[in-house]
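Undergrad: Predicted structure and sequence below. I'll ask about it afterward.
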Amino acid sequence: MTISTVGVIGAGQMGNGIAHVAALAGLDVVLVDVKQEAVDKAMSTISRNLDRQVSKGGIDAAARDAALGRIQGGTEMSELSAADIVIEAATEREDLKLSIFKQVVPLLKPEAILASNTSSISITRLAAATDRPHRFIGMHFMNPVPVMKLVEVIRGIATDDATFAAVQALAERMGKTTAVAQDYPAFIVNRVLIPMINEAVYALQEGVGDVRSIDAALKLGAAHPMGPLELGDFIGLDTCLAIMRVLHEGMGDSKYRPSPLLVKHVEAGWLGRKSGRGFYDYSQDPPKPTR
Ligand SMILES: CC(=O)CC(=O)SCCNC(=O)CCNC(=O)[C@H](O)C(C)(C)COP(=O)(O)OP(=O)(O)OC[C@H]1O[C@@H](n2cnc3c(N)ncnc32)[C@H](O)[C@@H]1OP(=O)(O)O
Ligand SMILES: NC(=O)C1=CN([C@@H]2O[C@H](COP(=O)(O)OP(=O)(O)OC[C@H]3O[C@@H](n4cnc5c(N)ncnc54)[C@H](OP(=O)(O)O)[C@@H]3O)[C@@H](O)[C@H]2O)C=CC1
């Protein structure tokens, strides 16, 4: 099937990145969030990131302007009715995602594909709550979307071959390489990455090292581009905790239990960069370790 219009639900860090790369690939984009402020913030982030690509010589000014002109933002789900595929990138909460699908399904073209950018939740279970489990798929982008090369593609048990092929082709058109993951909790990347971040929080909690030492150890000792605590802050500690909970419950194994210190940070609203404080305090430049 031909995809020319992409709908994106959720204008947070992932939604704005997905809209950015889709528009740059020549697709029309409809970006929807509950709050107009979130949409406005996403549009200015996209504009800033496109400017950065222009200044680094990755794209020219005409491509930037054309991409911005292809993105229409708003708060009405009905704006998604023109979409050939809708990629849901709202907060990592199953109840929220299910209520979004319930609301959006009656508005979609019958042949439209529904994809979720979920980091961890069962694609089969999300698909079963819609009218189109055969046209439902996991399309898991990595953060920051304009930079990271991978899209994990996750088939639910009912996903058909045409949907799988269309989504693989779309990811390639957006300049990404795909890795196919089976529908197990947190798929491939987060099955490995998030327990590592959780383990770093245990190490911090137990006093094995402070924030600076733990991050320096993994950056300089294992060539990671960011330390695990810095990366947790970058992803969002609420998202990291949600993924650990899906792993813990879905695998039924205590080795995935979330660190109590991670839980406490989320309870405090210290969600990382997006809230101004996580394992670092982002009101300082450079960000100051909190422990
Ligand atoms: C939780 C999940 O479900 C799954 C996930 O996404 S897990 C998270 C996966 N992501 C990671 O692991 C990211 C790890 N971190 C990194 O790779 C790097 O620190 C980083 C790419 C984010 C930044 O790299 P850096 O070298 O410190 O910074 P910087 O030099 O500013 O950026 C590198 C390049 O990316 C570009 N860039 C960075 N952020 C960008 C953005 N948001 N939009 C566009 N371009 C961006 C920069 O312009 C720069 O481009 P050039 O190479 O052409 O110069
Ligand atoms: N962060 C990461 O590194 C990655 C995250 N993901 C996944 O992508 C998804 C989004 O994560 P991320 O962008 O980081 O999260 P953010 O918190 O940055 O953004 C989520 C956005 O969804 C909005 N939202 C909440 N409810 C609704 C709704 N009913 N309809 C439309 N929008 C809504 C939120 O609004 P408000 O703030 O008002 O609640 C917010 O703007 C999650 O499923 C996450 O697991 C996937 C890969 C990487």
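TA: Yep, it's here. Numbers count the residues shown, from 1 in each chain. Ligands and ions are numbered 1, 2, ... in the order given.

Undergrad: how about the nearest residue to the one residue in the stretch 151-291 of the chain that gets nearest to ligand 2, chain neighbours excluded?
TA: Nearest to ligand 2 in the stretch 151-291 of the chain, going by C-beta to the nearest ligand atom, is Ile235, at a distance of 3.7 Å. For glycine as for every other residue, the C-beta is placed from the backbone atoms N, C-alpha and C. In space, and not counting its chain neighbours, Ile235 is closest to Asn143: 6.3 Å by C-beta to C-beta, 6 or more residues apart in numbering.

Undergrad: Tell me how many other residues crowd Thr118.
TA: By other C-beta atoms under 10 Å, the residues close to Thr118 number 26.

Undergrad: Got the phi and psi for it?
TA: Note on Thr118: backbone dihedrals following degrees, to the nearest 10 are phi -50, psi 140.

Undergrad: got it, and Val29?
TA: The phi/psi pair for Val29 (degrees, to the nearest 10) is phi -130, psi 140.

Undergrad: What does the pLDDT read for Val151?
TA: Val151 carries a pLDDT value of 98.

Undergrad: What distance do you get for the residue of the stretch 151-291 of the chain closest to ligand 2 to Glu152?
TA: 15 Å (C-beta to C-beta, to the nearest Å).

Undergrad: So if I had to pick from these two, which one is more boxed in?
TA: Ile235 (26 against 21).

Undergrad: Just checking the strand or helix carrying Leu229 against ligand 1, any contact.
TA: Using DSSP states H and E, Leu229 maps to helix 228-235. Yes - interface with ligand 1: helix 228-235 contributes Leu231, Ile235 (C-beta under 6 Å from any ligand atom).

Undergrad: What mean pLDDT does that helix get?
TA: 98.

Undergrad: Restricting to C-alpha, output whichever helix in the chain runs longest in PDB.
TA: Secondary structure of the chain per DSSP state H: the longest helix is helix 36-55. Extracted C-alpha coordinates of helix 36-55, given in PDB (Å, rounded to 0.1, in the frame of the first residue of the first chain):
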ATOM      1  CA  GLN A  36      -1.900  22.700  22.200                       C
ATOM      2  CA  GLU A  37       1.200  23.800  24.200                       C
ATOM      3  CA  ALA A  38       2.700  20.300  23.600                       C
ATOM      4  CA  VAL A  39       2.100  20.700  19.900                       C
ATOM      5  CA  ASP A  40       3.600  24.200  19.900                       C
ATOM      6  CA  LYS A  41       6.600  23.000  21.900                       C
ATOM      7  CA  ALA A  42       7.100  20.100  19.500                       C
ATOM      8  CA  MET A  43       6.900  22.400  16.400                       C
ATOM      9  CA  SER A  44       9.600  24.700  17.900                       C
ATOM     10  CA  THR A  45      11.800  21.700  18.800                       C
ATOM     11  CA  ILE A  46      11.400  20.300  15.200                       C
ATOM     12  CA  SER A  47      12.300  23.700  13.800                       C
ATOM     13  CA  ARG A  48      15.400  24.000  16.100                       C
ATOM     14  CA  ASN A  49      16.600  20.500  15.200                       C
ATOM     15  CA  LEU A  50      16.100  21.100  11.500                       C
ATOM     16  CA  ASP A  51      18.100  24.300  11.800                       C
ATOM     17  CA  ARG A  52      20.800  22.300  13.400                       C
ATOM     18  CA  GLN A  53      20.900  19.900  10.500                       C
ATOM     19  CA  VAL A  54      21.100  22.900   8.100                       C
ATOM     20  CA  SER A  55      24.000  24.500  10.000                       C
END
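
Undergrad: any idea whether Val153 is helix, strand or coil?
TA: strand (DSSP: H, G, I helix; E, B strand; the rest coil).

Undergrad: which bits of this structure sit near ligand 2?
TA: Near ligand 2, the residues belonging to the chain are 9-15, 33-35, 38, 89-92, 96, 100, 117-119, 140-143, 235-236, 239, 274 when assessed by C-beta under 6 Å from any ligand atom.

Undergrad: now, which of the residues you listed lie within strands?
TA: Ile9, His140, Phe141 (DSSP state E).

Undergrad: What parts of the stretch 101-250 of the chain come near ligand 1?
TA: 119, 142-144, 146-148, 189-190, 193, 225-226, 231, 235, 239.

Undergrad: which of those residues count as buried?
TA: Ser119, Met142, Asn143, Pro146, Val189, Asn190, Leu193, Leu231, Ile235, Thr239 (16 or more other C-beta atoms under 10 Å).
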